[in-house]
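> here's my sequence, what's the structure:
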Amino acid sequence: MAEAIANDILNYSRLGYPAFSRGIKVNPQKIKPEANAITVMNALGIHIALHKAQQITIATIAEAHWVLTMTTEQKAKVIALDPIAHAKVLTLSECATGINHDITDAYDQDLMVYRQTRDQIEYYLRIFKANNFNCHVAS
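The predicted structure is shown next:
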């Protein structure tokens, strides 16, 4: 959901800098979006049914300008995978506001949780856009 919302709101792909999403622990048997994710995204006119989850790698971390995670736990796992990249790894809320607030992981949850997660992602991405795509980083 995050990739699709980011590319919709931020228009990065139009600028030549598409947002992309990678999983921390992708199950190769479950790479398609869950039905509830498809439903809540369709409500925004964003279609994700053909998306396939991909595992994060050191190469994808190196390619990224920012690596934005939904939770502090995910942030720690990314940094453990590539400690050199620690300065560009933030939670989405931390990037947008300078304050960390974990976004609910909706995986395998009901429709209400998916809506909540979608709305949290959208909220922080709109702040990030309003900040001219600059993350709040500690000095």
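
> neighbouring contacts of the helix or strand where residue 75 lies?
Element membership for residue 75 (DSSP states H and E) is helix 72-81. Helix 72-81 is contacted by residues 24, 56, 58, 61, 67, 69, 85-86, 89-91, 100, 102 when judged by C-beta atoms under 8 Å, 6 or more residues apart in numbering. For glycine as for every other residue, the C-beta is placed from the backbone atoms N, C-alpha and C.

> buried residues, it. List them.
Neighbour-count burial for helix 72-81, counted by 16 or more other C-beta atoms under 10 Å, picks out 74, 75, 78, 79.

> what about stretch 36-52, how long is it end to end?
From its first residue to its last, stretch 36-52 covers 15 Å (C-alpha to C-alpha, to the nearest Å).

> what about residue 84, how many residues nearby?
When neighbours are counted by other C-beta atoms under 10 Å, residue 84 registers 10.

> if I've got this straight, it is in a helix?
Yes: remark: residue 84 belongs to a helix, assigned using DSSP: H, G, I helix; E, B strand; the rest coil.

> filter the contacts of helix 72-81 down to the ones in helices?
58, 61 (DSSP state H).

> only the buried subset of the contacts of helix 72-81, as a ChimeraX command please.
The buried residues among those can be selected in ChimeraX (16+ other C-beta under 10 Å) with this line:
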select :24,56,61,67,69,89,90,91,102
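
> quick one: contacts for residue 118?
Contacts of residue 118 by C-beta under 8 Å, 6+ apart are 1, 5, 40, 41, 44, 106.

> low-confidence ranges, this protein, go.
Applying pLDDT under 70 to the chain flags the ranges 12-16, 138-139.

> what about the residue nearest to residue 32 when sequence neighbours are not counted, neighbour count?
In this structure, residue 32 finds its nearest non-sequential neighbour in residue 52, 6.4 Å apart by C-beta to C-beta, 6 or more residues apart in numbering. Neighbours of residue 52 under the rule other C-beta under 10 Å: 8.

> much appreciated, bye for now.
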